[in-house]
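**Q** Here is a sequence with its predicted model. Questions after.
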Amino acid sequence: MKPGAKYFEWEGLGVPVRLEIGPRDLASGQVVLARRTGGKAPVSLQDATAAVTRALDEIQASLFAAALERREKNSIRGATKAQFLEFIQGGGGFAYGGFCGQGSCEAEIKAETNATIRVLPDPEFRSKEVPKTCMWCGAPSIAEAVWAQAY
Ligand SMILES: [Zn+2]
């Protein structure tokens, strides 16, 4: 198998980095660290393990940041009933809002918008300002809920 085909096959499987180790590289005490997403650089043989660890950490951090940005871009927080309706009916996403815990509110929201509670987020995922009232009926909120339409 030629190198290009080999790289393509492994990149297709999602392998994030590869080390290219050729006879000339070994003779000069280095390997080439290549990323699936592009870019390659020589690293010393002694530093190869640390370089791979660093590359994987950077890839993880950038994937996480992109996912977080995408989630927030598709979310609204602390919405009023009117904002919620406009958001859900206009393409939707995740709507974080106060919830009174009443089954009647949940049923009305589902009937009117087809949205359901996806999760009652853990503290680390809640909005900075936790809603004090139900976004639907205005009663005191017992939890922040994340609403979305299933698709
Ligand atoms: Zn309510």
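**A** Thanks, I have it.

**Q** Get me the contact residues on this protein for the ion.
**A** Applying Cβ under 5 Å from the ion, we find that the chain lies next to the ion at 100, 105, 134, 136-137. Yep, even glycine has a C-beta here, placed from its N, CA and C like the rest.

**Q** so which of these is the most crowded?
**A** For the residues of the chain next to the ion, the largest number of neighbours (other Cβ atoms under 10 Å) sits with Trp136, at 24 neighbours.

**Q** Make JSON lines out of the residues of the chain next to the ion and add pLDDT.
**A** Formatted as JSON lines, the residues of the chain next to the ion follow (pLDDT from 0 to 100):
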{"residue": "Cys100", "pLDDT": "96"}
{"residue": "Cys105", "pLDDT": "96"}
{"residue": "Cys134", "pLDDT": "97"}
{"residue": "Trp136", "pLDDT": "97"}
{"residue": "Cys137", "pLDDT": "96"}
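
**Q** Can you flag which of those residues belong to helices?
**A** Cross-referencing the residues of the chain next to the ion against helices under DSSP state H gives Cys105.

**Q** Would you check which pair of the residues of the chain next to the ion lies furthest apart?
**A** In terms of Cβ to Cβ, the residues of the chain next to the ion reach their longest pairwise distance at Cys100 and Trp136, which sit 7.5 Å apart.
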